[in-house]
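[1] I'll drop the sequence and a predicted model, then ask my questions.
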Amino acid sequence: MENKWMNEAFKGEVPSGFQGKVGWASPSNIALVKYWGKRGKQLPQNPSISFTLSECCTETFVEFEKADRLGFSFFFEGKENPTFGAKIEKFLMDHQAFFPFINQLNLKVESRNSFPHSSGIASSASSMSAFVMCLMEIERSLSLSKGRPIDIDLQKASYFSRLASGSAARSVFSAMALWGKTEACEGSSDEYAVSLSEYLHPVFKTFHDSVLIVSGETKSVSSRAGHTLMEGNPYAPARYAQANENIKNLLSALKSGDLDTFINITESEALQLHALMMCSNPSFILMKPNTLSLINEIRAFRNETKIPLCFTLDAGPNVHLLYPESEAEKVEHFIKDHLTAYCVDNKWIADHVGEGPKKLL
Ligand code: PMV
């Protein structure tokens, strides 16, 4: 694969006067079966499945012009941000064989998130996939300038997004994506995600994700450190076997519309992710007391009303409440009347399953 995309890369001289601006918005995603543990060059230890979100996204614009060598600056929400800029510049330098033309361009990147800074929502999936979409758009414009129109290949976008930030591989597809090789899905790969959109029972395309903000603090363990901690975790082999089993069963539930199995696997995966962090060395507890209170409230409400809602967690204390559109009115009353009391400043974000990246310019 590396060779295929290296061979196809635009290698010619960038025409003089080549300049312009591109823009893409790309969403965040929330994993149902979690990716936690990696090997080699950003390859997952087990396959994962996620919902692509809609409202939680990053908008990125890149201004480019012909230059003698790569020039790079990065602005986040209007302010130059050298730390994040250095991360993206390193990604570009490490992968210039795929994008050799960047060595003849000056790039000015401007990025902003649609979700608030202090929401504790991880933005690497949305920001890295938005940047990759911009890069591919520049390549498209270069090809066009040479009279060779090309389309943006989402598999390639997923591959590059993965190299930039593992879970970003899943953000380029609408509705749901699977990343990681599994016998249960033909065409699946550790190197890029595949779309599950065509495969899903329609109920899953209507899902809401209401993010209940328990804390806006930044995480006390980065996902990079978390993946590394799995290397010494005595439960790692059992975890990877379980994740593969969960993938198989979740895929079949996603196809048939089996909400009970969906709920069972989704909640178990969220708790396993946190259990793995708790029994790593050093150990981390990322749930807060209000995370547990919310989980108890959600389970009690489900038992009482039989409404098929469930929770998942990312590597942090906030609770993602998942439910189909048909139950949205009742669940949103429940959120406002009972759940926001556990949220910081009563804050929650109403999101839903989305369409994947959108071209802005
Ligand atoms: O993509 P990374 O390296 O930030 O890892 C993401 C890990 C989790 O968000 C905890 C799970 C997942 O599959 O998204």
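    The structure has been received and is ready for your questions. Numbers count the residues shown, from 1 in each chain.
[2] tell me the helices in the stretch 151-300 of the chain, going along the chain?
    In the stretch 151-300 of the chain, the helices defined using DSSP state H, counting those that start in this stretch lie at 154-164, 223-229, 236-256, 259-278, 289-305.
[3] right, so of those, which gets closest to residue 108?
    The minimum distance between residue 108 and the helices of the stretch 151-300 of the chain falls on helix 154-164, with 18.5 Å, by C-beta to C-beta. C-beta coordinates here come from the backbone N, C-alpha and C atoms, glycine included.
[4] what does that closest one rub up against?
    The contact list for helix 154-164 (C-beta atoms under 8 Å, 6 or more residues apart in numbering) reads 1, 5, 41-42, 88, 91, 94-95, 98, 124-125, 128-129, 131-133, 135-136, 168-173, 177, 179, 191-195, 356-357.
[5] Which residues are in contact with residue 294?
    Residue 294 sits next to 212, 214, 311, 319, 339, 342 when contact means C-beta under 8 Å, 6+ apart.
[6] Which of the residues you listed has the largest number of neighbours?
    residue 319 (28 neighbours; other C-beta atoms under 10 Å).
[7] Burial check on the residue in the stretch 251-361 of the chain positioned nearest to the ligand, number of neighbours?
    Nearest residue of the stretch 251-361 of the chain to the ligand (C-beta to the nearest ligand atom) works out as residue 315 at 4.0 Å. Around residue 315 there are 22 other residues, counting by other C-beta under 10 Å.
[8] Now for it: which residues touch it?
    By C-beta under 8 Å, 6+ apart, the residues touching residue 315 are 36, 122, 219, 221, 223, 226, 273, 277, 286.
[9] Kindly recompute the last result at 7 Å.
    219, 221, 223, 226, 273, 286 (C-beta atoms under 7 Å, 6 or more residues apart in numbering).
[10] Nearest residue to the third one in space, please, no chain neighbours.
    Spelled out, it's residue 223. residue 315 (5.7 Å; C-beta to C-beta, 6 or more residues apart in numbering).
[11] looking at this, the one you found is in a helix?
    No - assigned with DSSP: H, G, I helix; E, B strand; the rest coil, residue 315 falls outside any helix and is coil.
[12] count of neighbours near the closest residue to residue 69 other than its chain neighbours?
    Using C-beta to C-beta, 6+ apart and skipping residues adjacent in sequence, the residue nearest residue 69 is residue 103, 5.8 Å away. The burial count assigned to residue 103 is 14, neighbours taken as other C-beta under 10 Å.
[13] May I ask which helix or strand encompasses the residue nearest to residue 209 when sequence neighbours are not counted?
    The shortest distance from residue 209 to any non-neighbouring residue, by C-beta to C-beta, 6+ apart, is to residue 351 (4.6 Å). Assessed by DSSP states H and E, residue 351 sits inside strand 348-352.
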